[in-house]
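> Next input, structure requested:
(chains A, B, C and D)
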There are 2 protein chains.
Amino acid sequence: MNKRITIKQIAKALSVSISTVSKALNDSYEISDETKKKIKDYAKLHKYKPNTLALSLQNKKTKTIGIIIPNILNYYFARALRGIEKATTERGYNIITCITNESHKKEVDTMEMLSNGTIDGFIACLSVETLKTKNFDHFHNIIEEGTPIVLYDRVHKNIHCDKVVTDNIKSAYKATRFLMRSECKIIALITTSEGLKINKFRVKGYLKALTKYGIEPNENLIIRLEDETNLKERINHMLDTNNVDAIFTIDEISGAIATQVLNARGIQIPEDIAIVGFTNGILSRYSSPPLTSVNRFAHTTGEVAANRLIDKIEGKIEFENIKTEIIKTKLVERDSTKKMFVKF
Amino acid sequence: MNKRITIKQIAKALSVSISTVSKALNDSYEISDETKKKIKDYAKLHKYKPNTLALSLQNKKTKTIGIIIPNILNYYFARALRGIEKATTERGYNIITCITNESHKKEVDTMEMLSNGTIDGFIACLSVETLKTKNFDHFHNIIEEGTPIVLYDRVHKNIHCDKVVTDNIKSAYKATRFLMRSECKIIALITTSEGLKINKFRVKGYLKALTKYGIEPNENLIIRLEDETNLKERINHMLDTNNVDAIFTIDEISGAIATQVLNARGIQIPEDIAIVGFTNGILSRYSSPPLTSVNRFAHTTGEVAANRLIDKIEGKIEFENIKTEIIKTKLVERDSTKKMFVKF
DNA sequence: ATGAAAGCGCTAACAA
DNA sequence: TTGTTAGCGCTTTCAT
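Numbering: from 1, shown residues only, chains lettered A, B, ... in the order given. Just a heads-up that it's a prediction; the model follows:
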């Protein structure tokens, strides 16, 4: 067991002072080449590595960023994390990842815990619970202390910081319009966790598209749920009691479940009923048939958030200079919708 | 912008010594109640939070664990991370998460970077590249330095440390046997990244089951690929040229893709061809039909690894006491296989 | 060219 | 009960 070596030990071993060692290792012009060489050789031989903690304590910079993720099993967040990881690594930062599991308490606890010199800034996505209780004190405190924060995906106007979001209304509007243009007339909607603003926006986009094209929204065609429990029953019931030729779902899992229900009923996709999902992930790609879906650029979102934060940390952007970046989406056509030749 | 306050400032403000403040905040019996109260009130008022870095530098313990993940988009790893996160949080540890994207260099770089006082130990899964090149120097070095490591899922015998793995041979054996017992006779196999030992083991389990039940393995029924590219074509070709009544896949994505191919060909699942996948995740659950699959307890794996590591860090287990834990799997029956009434 | 000393924020042994 | 001091590993003035 070969404990780590410190500059102090190097100094003693070579009978020079600690500061000489420090300077030599940092290639200071003050140190003679031979001394440098001697010290560096010794350091290499003994696998010297500077203690990051001591450095951070000194510089008041840790080169570490705290990442707050509500749910890592959500493919969107996993992709966003990857984007964050890529950008931070490129710029020489580490990340401390914390998963809140949508709990407000966990979010507050971990953020409090980290904002003590451990991290230089946060990239955070609000938990469902925080969004519901609207208690943002922890954010206010941390921002007040001068720690930069970038919020992504699930944000709130009462938190004054940089944000990176998806254009939910427009994306849902376009997806719905796409269905209408591919000759669907009776478009059902499935929405989960409507408490979330981002989902409300998607519903809004759907309704807006219908209205715009002169279709009266019909509440019987809208399934509103907290989560996926009973979704199959609800879809079956809707299909039993309504004529439907398309389903638009506010998230990916609902899209996959709708597909399962239609397949089980022997309904042809897209000939009888077309499906469009939101958030293009692994489920859309590997469903039978593969699902047409609104692709959200999670990876980009993560990268943009990370770069913005690091710019703030490094003073390339002033702390007070707040901005909200909107990441556009793109509809990915697969086999769950009819081919369409009208451009849009 | 309300910078963080230090004990030094508190001391000055209240005209007491720094150590008095330190002791008071730590509820030392040496300090009088009134002084304590005065100091604590002041601290609370000014939102004092101890600087974690300074504490860590002092204790030589950071209460932080480095997590090495090859690919966060892999549902299995995401679940394992969740298990790790749960266990570490419960025991008061933070995690620094690093994604290697299967790159050896990234793995070496991040591990070197963190093993400088930043973390108390590692929970790591080897990248494909590391496994291929068999270069484990970074592990040897870190272990040599006295930093505890727990390897999970993808491990190697040349690395001498604690491990948490899946019982791959046995699981594949049982899955194959299950297919035979549900009256399948011609069982195809799909395997990706066969370079990985864990996948080799699964193939081995499959072959073992066939042999055991007197079936001669047939190479025409085995599709070996590096990744999913061309998998659909390969499956189609196999089905064109062979009679098959079951497909066993070494991973989840291949299972989903096989399902897509069968559905596209209008083949009934499981009546015409049954499917069993490996690693039970979101794809198995939401395929049409939902897939019978070998459930690996990723969450448990993560928890076990984390607890073992923390026990090591806290000296509850001696450093030299090395162990490999095997996490059992369980076949989850869904609709892609025929119902079976024989117990096994 | 090299070294002594102070300090980053905190704890702890020892003194008063 | 309170304070002084040294030290965790390192950088950085300021002397020498």
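> Run the contact check for the helix or strand residue A:21 falls within versus chain B.
Taking DSSP states H and E as the criterion, residue A:21 maps to helix A:18-25. No: judged by CB under 8 Å from any CB of the partner chain, helix A:18-25 stays clear of chain B, getting no closer than 13.6 Å. C-betas here are computed from N, CA, C, even on glycine.
> Pull the residues that contact that helix.
A:7-8, A:10-11, A:14, A:30-31, A:35-36, A:39-40, A:43, A:48, A:50 (CB atoms under 8 Å, 6 or more residues apart in numbering or on different chains).
> For that helix, output the C-alpha coordinates as CSV.
Output of helix A:18-25 as CSV, limited to C-alpha atoms (Å, rounded to 0.1, in the frame of the first residue of the first chain):
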residue,chain,number,x,y,z
ILE,A,18,8.5,23.2,-0.5
SER,A,19,8.0,26.3,-2.6
THR,A,20,10.9,25.3,-4.8
VAL,A,21,9.1,22.0,-5.5
SER,A,22,5.8,23.8,-6.1
LYS,A,23,7.4,26.2,-8.5
ALA,A,24,9.4,23.5,-10.3
LEU,A,25,6.4,21.4,-10.9
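> Centre of the chain to that helix, how far?
With CA atoms, centre = their mean, to the nearest Å as the basis, helix A:18-25 stands 43 Å off its chain's centre.
> Kindly report the same for stretch A:18-28.
42 Å.
> Report the separation between residue A:88 and residue B:237.
Distance, residue A:88 to residue B:237, using CB to CB, to the nearest Å: 44 Å.
> Those two - which one has more neighbours?
Per other CB atoms under 10 Å in any protein chain shown, whichever of residue A:88 and residue B:237 has more neighbours is residue A:88, with 24 against 12.
> Give me the three-state assignment for that one.
Each residue gets one of three states, and residue A:88 gets helix by DSSP: H, G, I helix; E, B strand; the rest coil.
> thinking it is in contact with residue A:306, fair?
Yes: between residue A:88 and residue A:306 a contact is recorded at 5.1 Å, counting by CB atoms under 8 Å.
> what's the overlap in contacts for the two?
residue A:65.
> Average pLDDT for stretch A:269-286, rounded please.
Looking at stretch A:269-286 alone, the average pLDDT works out to 96.
> Next up, the contacts around the nearest residue to residue A:246 once chain neighbours are set aside.
Leaving out its chain neighbours, the residue that sits closest to residue A:246 by CB to CB, 6 or more residues apart in numbering or on different chains is residue A:184, at 3.6 Å. Residue A:184 makes contact with A:245, A:246, A:274, A:338 under the criterion CB under 8 Å, 6+ apart.
> Return the residues of the stretch 1-150 of chain A in contact with DNA strand D.
The stretch 1-150 of chain A has residues A:6-8, A:18-19, A:22-23, A:25-26, A:50-51, A:54-55, A:57-58 near DNA strand D, with proximity defined as CB under 7 Å from any atom of the strand.
> mind redoing it with 10 Å?
The stretch 1-150 of chain A has residues A:3-11, A:17-26, A:28, A:30, A:43, A:48-59 near DNA strand D, with proximity defined as CB under 10 Å from any atom of the strand.
> If we check DNA strand C, which of these are in contact?
With CB under 10 Å from any atom of the strand as the criterion, those include A:11, A:17-24, A:28, A:30, A:53-59 near DNA strand C.
> Now the helix holding residue A:21: buried residues?
A:20, A:21, A:22, A:23, A:24, A:25 (16 or more other CB atoms under 10 Å in any protein chain shown).
> Over to stretch A:105-123?
Buried, per 16+ other CB under 10 Å, within stretch A:105-123: A:106-108, A:110-111, A:113-123.
> With stretch A:302-321 instead?
Result for stretch A:302-321 [16+ other CB under 10 Å]: buried residues A:302-313, A:317.
> ok, the most centrally placed residue in chain A to residue A:153 distance?
Centroid-nearest residue in chain A, with CA atoms, centre = their mean: residue A:80, separated by 3.9 Å. As defined by CB to CB, residue A:80 lies at a distance of 7 Å from residue A:153.
> list the contacts for the residue of the stretch 151-300 of chain A found nearest DNA strand D?
Residue nearest to DNA strand D within the stretch 151-300 of chain A: residue A:162 (28.9 Å; CB to the nearest atom of the strand). By CB under 8 Å, 6+ apart, the contact set of residue A:162 is A:148, A:149, A:150, A:151, A:305, A:308, A:309, A:312, A:322, A:323, A:324, A:325.
> Show me which residues of the stretch 51-200 of chain A sit near chain B.
A:51-54, A:56-57, A:62, A:64, A:67, A:72-73, A:75, A:78-79, A:81-82, A:85, A:89, A:94-99, A:106, A:110, A:112-118, A:141, A:144-146.
> Filter these down to the ones in helices?
Judged by DSSP state H, those include A:52-54, A:56-57, A:75, A:78-79, A:81-82, A:85, A:89, A:106, A:110, A:112-114, A:141, A:144 as members of helices.
> These, buried ones only, as a PyMOL selection?
A single PyMOL command suffices to select whichever of those are buried according to 16+ other CB under 10 Å:
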select buried, chain A and resi 52+53+54+56+57+75+78+79+81+82+85+89+106+110+113+114+141
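> Could you list the buried residues of stretch A:169-180?
Neighbour-count burial for stretch A:169-180, counted by 16+ other CB under 10 Å, picks out A:169, A:171, A:172, A:173, A:174, A:175, A:176, A:177, A:178, A:179, A:180.
> which helices and strands does the helix or strand hosting the third one pack with?
Of the helices and strands defined by DSSP H and E, residue A:172 is found in helix A:168-181. Using 3 or more CB pairs under 8 Å, 6 or more residues apart in numbering or on different chains; DSSP states H and E, the elements in contact with helix A:168-181 are strand A:187-192, helix A:197-212, strand A:246-249, strand A:274-278, strand A:292-296, strand A:329-332.
> okay, the ones you listed in CSV with mean neighbour count next?
Output for these, formatted as CSV (neighbours: other CB atoms under 10 Å in any protein chain shown):
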stretch, mean neighbour count
strand A:187-192, 24
helix A:197-212, 19
strand A:246-249, 29
strand A:274-278, 29
strand A:292-296, 25
strand A:329-332, 17
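> Next up, the contacts around the nearest residue to residue A:222 once chain neighbours are set aside.
Excluding the flanking residues, the one nearest residue A:222 by CB to CB, 6+ apart is residue A:189, at 4.7 Å. The contact partners of residue A:189, taken as CB under 8 Å, 6+ apart, are A:203, A:206, A:221, A:222, A:223, A:247, A:248, A:249, A:250.
> just the contacts of helix A:18-25 now: which is nearest chain B?
residue A:50 (6.6 Å; CB to the nearest CB).
> can you pull the pLDDT of that closest one?
For residue A:50, pLDDT reads 94.
> and if you look at the one 10 residues further on?
According to the per-residue confidence, residue A:60 scores 92 in pLDDT.
> Relative to DNA strand C, how far out is the residue lying closest to residue A:132 once chain neighbours are set aside?
Closest residue to residue A:132 apart from its sequence neighbours, by CB to CB, 6+ apart: residue A:195 at 5.9 Å. Distance of residue A:195 to DNA strand C, given as CB to the nearest atom of the strand, to the nearest Å: 39 Å.
> who's in contact with residue A:195?
Listed by CB under 8 Å, 6+ apart, the contact partners of residue A:195 are A:128, A:131, A:132, A:226.
> what pLDDT does it get?
We have a pLDDT of 81 for residue A:195.
> Also residue A:117?
89.
> now do the one 3 residues further on
If you check residue A:120, the pLDDT there is 96.
> backbone phi and psi for it, please?
phi -90, psi -10 (degrees, to the nearest 10).
> Run through the residues that contact the residue of the stretch 101-250 of chain A found nearest DNA strand C.
DNA strand C sits closest to residue A:117 of the stretch 101-250 of chain A, with a gap of 6.8 Å, by CB to the nearest atom of the strand. Going by CB under 8 Å, 6+ apart, residue A:117 touches A:56, A:57, A:60, A:62, B:4, B:51, B:52, B:53, B:54.
> same deal with residue A:172?
Applying CB under 8 Å, 6+ apart, the residues near residue A:172 are A:201, A:202, A:203, A:204, A:205, A:206, A:209, A:248, A:250, A:278, A:294.
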